[in-house]
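**Q** give me coordinates for this.
(2 chains)
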Amino acid sequence: MSDDFDSQLRQLFADSREPMDADAFVASVQLQIERSRRLRMWGQLLAVAVALIALALNLSWALPKAAWLVQAAGERSSAGAELLVTPLGWAVSMIAGGYVLWRTRAARQGRG
Amino acid sequence: MNPSVPGGKPGSASETAIVALAISGDANAYGELVRRHQQGIRAMLRRLIRDPALADDISQQAFVRGWKAIRTLRSPAAFGAWIRKLAVNDWLAHLRSRQCDFATEDPDASHGAATARCSVAERLDLDSALSRLAPAVRLCIVLAYSEGMSHSEISGSTGIPLGTVKSHIARGAALLRELLEAYGDSNVGRF
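**A** Presented below is the predicted three-dimensional model:
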C-alpha cells in the first residue's frame, strides 16, 4: 500500500478478519460451474438437433434449390470470366478495384 | 482438487501456471484458484454487505462468472485483481437491482444505522460502522484498508476518479474513527 493510510484503522481491519470455511464454498462454486457447463452442453445439443430436424423436414425442397443455385452460379461465373478479358470488362474491373481501395482507405482513416 | 500441473502439488504450483491451465479449460485448476482467492473475495464482500450469506452468494456468482469469462483474461498474473473487479461489479449490480444510488445512499444504510443505534449499549463493531458509510465511500475504504490497495489501484479498478477516491477514503476514515471513538467499544479501545 503506497498511500498514507491510518495504521490503526488498517490494524483493526486486519484483526477483525474472520476464518471462513473454504471447502464448502469451493464445492458449491464447482457444483454451480458443473451445472452451467451441463446446461450449456444440453443447449448446444438441442440447437444441433433442431437444426438437423429442420434440415430433414426441408430436404425435399432444399436439394433442388441448392442444385439450381450451384448451376446458376457456375453459369454466371463463366459469363463473367469471358467479360473480364474484353477491354470493357478490364475497365470495369479497374474502376471496381479503385473503388474498393478508396473505401478501404476511408475506413482506415475513420478508425485512426 | 488437483490441477494437473506437471510434477507439482496444487498448493505449490505457481499462480500463473494454474491460471494458464484454467484458461485452457481445466476445471480443477480453476477450483484451485477459487480455493486460493475465496477468502479475500468473501472477506471483502462481507465488509461491503453485512449479510454474510448474501456476500457468499455474490462471491460464488463472481467466481462462476469468472469461469465463464476466463478466456478473456489477457494476463494470467492479473487473475486476483480481475476476479476482485468481477466481485465488485456483481456487488454494484446488486445495489442497482435494489435501486440504490451508489454515490449517495444505500437502502441497507438506514437499517444499519438503526441496528447501530439499537446496539449502542452492547457493541458497535467495525462492520456496523462500515454499514453507515455510503456505498461508494465504503467500497473505497474496504479496498484500501481490507485489500491494501493504493488510491490509484482503487481508481483503476472501480472507475471512480482518483480525486474522489482520495476524498472518499479521507472522509470515510474520519467518519469510521468518529463512530468507533463515540461508542468506545473494547475492540476499538485503541482509538
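**Q** next, give phi and psi for B:Gly159.
**A** phi 80, psi 10 (degrees, to the nearest 10).
**Q** so how far is chain A from it?
**A** Using CB to the nearest CB, to the nearest Å, we find B:Gly159 at a distance of 18 Å from chain A. Where you see a C-beta, it was placed from the backbone N, CA and C, and this is true even at glycine.
**Q** from B:Ala81, how far out is that residue?
**A** B:Gly159 sits 14 Å away from B:Ala81, going by CB to CB, to the nearest Å.
**Q** following the chain onward from the helix or strand hosting B:Gln39, which element is next?
**A** Per DSSP states H and E: B:Gln39 is located in helix B:27-48. Remark: after helix B:27-48, the chain's next helix or strand is helix B:52-69, criterion DSSP H and E.
**Q** got the contact list for that following helix?
**A** Outside helix B:52-69, the residues within contact range by CB atoms under 8 Å, 6 or more residues apart in numbering or on different chains are A:25, A:28-29, A:32-33, A:36, B:22, B:27, B:30, B:34, B:37-38, B:41-42, B:45-46, B:48-49, B:82-83, B:86-87, B:89-91, B:94.
**Q** next, B:Leu83: secondary structure please.
**A** You called it Leu, but residue B:83 is Ile. Secondary structure, DSSP: H, G, I helix; E, B strand; the rest coil: B:Ile83 is helix.
**Q** likewise for A:Asp4?
**A** On the basis of three-state DSSP, A:Asp4 is classed as coil.
**Q** pLDDT value on B:Val118, please?
**A** Wrong residue type there; residue B:118 is Cys, not Val. pLDDT, B:Cys118: 37.
**Q** with B:Ala62 instead?
**A** So, for B:Ala62, pLDDT stands at 96.
**Q** chain neighbours aside, what residue packs nearest to it?
**A** Leaving aside its chain neighbours, B:Ala62 sits nearest to B:Ala87 (3.9 Å; criterion: CB to CB, 6 or more residues apart in numbering or on different chains).
**Q** in this structure that neighbour contacts B:Met44, no?
**A** Yes - in this structure, B:Ala87 is within contact of B:Met44 by CB atoms under 8 Å, at 6.8 Å.
**Q** and B:Gly159 and B:Ala81? Which one has more around it.
**A** Remark: of B:Gly159 and B:Ala81, B:Ala81 carries more neighbours, 15 against 11, as counted by other CB atoms under 10 Å in any protein chain shown.
**Q** quick check: that one vs B:Gly66, distance?
**A** 12 Å.
**Q** before we move on, what about A:Ala73?
**A** Counting by CB to CB, the gap from A:Ala73 to B:Gly66 is 47 Å.
**Q** of those two, give the one with the bigger neighbour count.
**A** When A:Ala73 and B:Gly66 are compared for neighbours, B:Gly66 comes out ahead with 24 against 10, by other CB under 10 Å.
**Q** name the helices or strands packed onto the host helix or strand of A:Phe13?
**A** A:Phe13 is located in helix A:7-15, with elements delineated by DSSP H and E. When contacts are defined as 3 or more CB pairs under 8 Å, 6 or more residues apart in numbering or on different chains; DSSP states H and E, helix A:7-15 packs onto helix B:162-183.
**Q** work out the gap between the least confident helix or strand in chain A by mean pLDDT and the centre of the chain.
**A** When each helix and strand of chain A is scored by mean pLDDT, DSSP states H and E, helix A:59-84 comes last, with a mean of 80. Centre-to-centre, helix A:59-84 and its host chain are 28 Å apart (CA atoms, centre = their mean, to the nearest Å).
**Q** stretch B:78-90 too?
**A** 9 Å.
**Q** pull out the buried residues from that stretch.
**A** Within stretch B:78-90, the residues scored as buried using 16 or more other CB atoms under 10 Å in any protein chain shown are B:Phe79, B:Gly80, B:Trp82, B:Ile83, B:Arg84, B:Lys85, B:Leu86, B:Ala87, B:Val88, B:Asp90.
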